[in-house]
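>>> Sequence first, then the predicted structure:
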Amino acid sequence: MERTIIFTDLDGTLLDKNTYSFEQVLPYVEKLKKAKIPIIFCTGKTRAENEYYQRKLKIKDPFIVENGGAIFIPKNYFSFKTPEVIELGVSYSKLRSALEKIKRTTKFRIIGFGDMSPREIAKDAHLPLRLAKLAKQKQYNESFKFLEPKEREKILIKKIKELGFNFAHGGRYYNIFGKNTDKGKAVKKLTQLFKKEFGKIKTLGLGDSPNDIPMLKAVDVPLLVKTPSGEWNPKVAKIKRIIKIDGIGPQGWIKAIKKYVL
């Protein structure tokens, strides 16, 4: 019997992009849990943020943090022994140092989460203060604002890659992380563990923005929901095998789950 595994982004996919609400997806999350279908968060969020949403949704499956920086697996989740943490990323301090070096050499205006207080993050990201504090607990990724004209982005990416790091632009922030930090690599590692556990599996991925591309390329069924503008992200819409879902964020998530899982 083929088992289904769901990998999902949070912001703008399972969660409303502006309000971070998950109320409308709750009935479908419950149905998936009853069907014993794992729901794997695969996000740019920190461990603390992922654990917060797991508690809220009563999900006890593994999760992938900070754009693939690490995989966290609950103790005794699989029938065989696995580490509780599989790290793919580099330390936060190295990422901060790299950004500081880029700022010094280019004079670019860059403001990272490490430069901001929880209150500033809360205001900037439209987050409640308690969630802003969780967002600041970074280990494998630094989110930052790039306050320069768009045409200078190419120089920024070049500098990040020259220093041996990787780059992604999510919905709201730019991100710097280790070159082995990759949502797709993390998905593949976790998929192998599920294959060992269940044998035949089918993986689905749900996302909305370019930083979801590695995850969507790594799954059997890649599903793209619309952004708040009512359109599919053009970069993501171009990837092979992508299935475009006619729904914004959580509405699209529900449509995808109803059609391709339930």
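It's in.

>>> Next one: residue 120 from residue 127, what distance?
Between residue 120 and residue 127 the computed distance is 11 Å (CB to CB, to the nearest Å). C-beta here means a position set from N, CA and C on the backbone, and glycine is covered the same way.

>>> With neighbour numbers in mind, choose between these two.
Higher neighbour count among residue 120 and residue 127: residue 127, with 17 against 14, using other CB atoms under 10 Å.

>>> isn't there a helix covering the more buried one?
No. Using DSSP: H, G, I helix; E, B strand; the rest coil, the secondary structure at residue 127 is coil, not a helix.

>>> which residues touch it?
For residue 127, the contact set (CB atoms under 8 Å, 6 or more residues apart in numbering) comprises 20, 121, 135.

>>> Most neighbours of all these, which one?
Using other CB under 10 Å as the neighbour criterion, residue 135 leads the contacts of residue 127 with 21 neighbours.

>>> circling back to that earlier point, give me the subset of the contacts of residue 127 lying in helices.
Cross-referencing these against helices under DSSP state H gives 121, 135.

>>> With distance to residue 173 and pLDDT as extra columns, can I get the contacts of residue 127 in TSV?
Formatted as TSV, the contacts of residue 127 follow (distance: CB to CB, whole Å; pLDDT from 0 to 100):
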residue	distance to residue 173	pLDDT
20	15	88
121	10	96
135	10	95
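
>>> quick check, nearest of the contacts of residue 127 to residue 95?
residue 135 (15.2 Å; CB to CB).

>>> For that closest one, give its distance to residue 150.
Using CB to CB, residue 135 is found at 25 Å from residue 150.

>>> likewise residue 198?
Using CB to CB, we find residue 198 at a distance of 45 Å from residue 150.

>>> how about the helices in the stretch 51-200 of the chain?
In the stretch 51-200 of the chain, the helices defined using DSSP state H, counting those that start in this stretch lie at 92-106, 118-125, 129-135, 153-162, 183-198.

>>> Once you drop chain neighbours, what's closest to residue 57?
residue 29 (5.4 Å; CB to CB, 6 or more residues apart in numbering).

>>> Same question for residue 166.
Sequence neighbours aside, residue 179 is the residue nearest to residue 166 in space, at 5.0 Å (criterion: CB to CB, 6+ apart).
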